[in-house]
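> I'll drop the sequence and a predicted model, then ask my questions.
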Amino acid sequence: MPASKVLSEILRLDPKENHQRIVHLSFCYDFPHDMNRALEFALFRTFAVPSVSALLDSTGEFHCRPQKRYDDTGLLLAEMLERGYDSERGARALKRMNKIHHRFDITNDDYLYVLSTFIYEPIRWNEKYGWRLMVESEKLAMFYFWCEVGRRMGIGLIPEGYQEFEEWSLQYEDKHFCFTESNKRVAVATRNLFLSWYPKLLHPLIKQAIYSLLDEPVLKAFGFPKSNSLLRKLVLSTLKTRAWVTGHLPRRKHPFHYTSLKRGTYLNGYRIEELGPPGT
């Protein structure tokens, strides 16, 4: 498959100096759907850490306003991914994220772990389900992008190397993933939100599909059952087929903007400063 114009540009750019541009190209042109799904499951994964889920559970947002909470998080991330954290809107989104999070007593390690999922989960999703594999420049650009966002959020002790940070993240999971009721409550609320997007007739199938996309340590930390092997193979086959079809479609000529989508929470648009829990 010949390289697209987008990929050709990515290959010409330096992943450290031009990481905002590379992330924009990957997110808005070649992998908009995949990146969004991967970030959904990245956030899902963080709920397997009891200290993270306990804080999220205590806010009540997942139980009272799950769709708004989902939309707010997605929009804040997308503002930076689409335009860069140095852009006017990206800087406002980062400022808003800081204001929301600094109200809470969050450990540096928990911040670091969540940050790591934004880097490595999209890359892992791509390796399994992407219509083409990310090149090294894209992977490194994701690393440099989110590390800089982390520094601007005041997160300390960010590992300096790509492999070093990934190893730290995996060790953190091994140490901290375990079942708690708060894990389960937040995970169930999120799973039910995903189900609400589909007709009720499909809920049993979609529920099993969600389970099939989560690995065993996460399933155990949520108290979720393991999906049957036949369904896991069906989900994998469906995603592989989608990747093959996507790879043979004409390449996107205009950027996809997640922030321009009409959604139930914000049918009439939104202000960045109003995203997040009420009163923040």
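Good, I have the coordinates.

> counting neighbours, what do you get for the nearest residue to Ser51 once chain neighbours are set aside?
Using CB to CB, 6 or more residues apart in numbering and skipping residues adjacent in sequence, the residue nearest Ser51 is Asp110, 5.6 Å away. Yep, even glycine has a C-beta here, placed from its N, CA and C like the rest. Asp110: 18 surrounding residues under other CB atoms under 10 Å.

> please give the element, helix or strand, for Asp110.
helix 108-129 (DSSP states H and E).

> quick check: buried residues in that helix?
Under the neighbour-count criterion of 16 or more other CB atoms under 10 Å, helix 108-129 has 109-126, 129 buried.

> contacting residues for Thr246?
Counting by CB atoms under 8 Å, 6 or more residues apart in numbering, Thr246 touches Trp131.

> strands of this protein, start to end?
Using DSSP state E, the chain contains no strands.

> now for the one helix or strand in it whose mean pLDDT sits lowest, which elements pack on it?
Lowest mean confidence among the helices and strands of the chain (mean pLDDT, DSSP states H and E): helix 61-64, at a mean of 79. Applying 3 or more CB pairs under 8 Å, 6 or more residues apart in numbering; DSSP states H and E, one finds that helix 61-64 makes contact with helix 66-83, helix 181-196.

> got a list of contacts for it?
Outside helix 61-64, the residues that touch it by CB under 8 Å, 6+ apart are Leu56, Lys68, Arg69, Arg185, Val186, Ala189, Thr190, Pro277.

> let me know how buried the fifth one is, in neighbour terms.
The reference is to Val186. The tally of other residues near Val186 (other CB under 10 Å) stands at 27.

> pretty sure it contacts Thr46?
No - counting by CB atoms under 8 Å, Thr46 is not a contact partner of Val186; they are 9.4 Å apart.

> if we can go back for a sec, make a markdown table from the helices and strands packed on helix 61-64 and add mean pLDDT and distance to Asp174 to it.
Compiled in a markdown table, the helices and strands packed on helix 61-64 are given as follows (pLDDT from 0 to 100; distance: least, CB to CB, whole Å):
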| stretch | mean pLDDT | distance to Asp174 |
| --- | --- | --- |
| helix 66-83 | 92 | 26 |
| helix 181-196 | 95 | 16 |
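
> of those helices, which is nearest Gly150?
Among these, helix 66-83 comes nearest to Gly150, with 11.9 Å by CB to CB.

> was I right about Leu239 contacting Tyr129?
Yes - contact criterion CB under 8 Å: Leu239 and Tyr129 qualify, at 4.3 Å.

> what's the closest non-adjacent residue to Gly223?
Lys184 (4.7 Å).

> wait, the one you found sits on Lys220?
No - assessed by CB under 8 Å, Lys184 is found out of contact with Lys220, at 10.8 Å.

> might you report the residue contacts of the residue nearest to Leu25 when sequence neighbours are not counted?
Using CB to CB, 6+ apart and skipping residues adjacent in sequence, the residue nearest Leu25 is Val6, 5.1 Å away. Residues in contact with Val6 (CB under 8 Å, 6+ apart) are Leu25, Tyr29, Asp30, Arg251, Arg252.
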